[in-house]
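1. with the sequence up front, the predicted model follows.
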Amino acid sequence: MEEKVQEFLKDSTKEQKVFFESLNNQTERVCQQTESGDISCIELAAAETKLFATMQSLGFICTLSADPNRPTVFECKRELDTNERKERL
């Protein structure tokens, strides 16, 4: 699962909106807003806690959405963009 998420988000920047939400107990949807404003998503067979940990390991900081009218959604921001991560490694 981690490799699939990493591949999907490999070119995301600090400015791009990324979020994930539960579709059911064992299915999560990870989405990102593209530069053109479109939303691109993938679905994964994973527990929410595992996906949260994966996002952190990939350099994202995730928080619960502040919108009480939405189901549980984690909004994520990349702490470092791809080039900054490469420079630090």
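-> Perfect, thanks for sending it. Residues are numbered from 1 along each chain as shown.
2. okay, now the unreliable bits of this protein?
-> 80-89 (pLDDT under 70).
3. and with 90 instead?
-> 1-2, 10-17, 19-27, 33-37, 46-50, 52, 64-73, 78-89 (pLDDT under 90).
4. got the buried residues for the longest helix along it?
-> Ranked by residue count under DSSP state H, the longest helix found in the chain is helix 48-57. Neighbour-count burial for helix 48-57 flags Glu48, Leu51, Phe52, Thr54, Met55 (criterion: 16 or more other C-beta atoms under 10 Å). The way it works is simple: take the backbone N, C-alpha and C, and place the C-beta from them, glycine included.
5. what is the nearest of those to Glu35?
-> Met55 (20.5 Å; C-beta to C-beta).
6. on that earlier part again, ok, and what's touching the helix or strand following the longest helix of the chain?
-> As assigned by DSSP states H and E, the chain's next helix or strand after helix 48-57 is strand 60-64. Strand 60-64 has contacts (C-beta atoms under 8 Å, 6 or more residues apart in numbering) with 9, 18, 20, 52, 55-56, 72-79.
7. in PyMOL, how would I select just the buried ones from these?
-> To isolate the buried members of the contacts of strand 60-64 in PyMOL, using 16+ other C-beta under 10 Å:
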select buried, resi 9+18+20+52+55+73+74+75+76+77+78
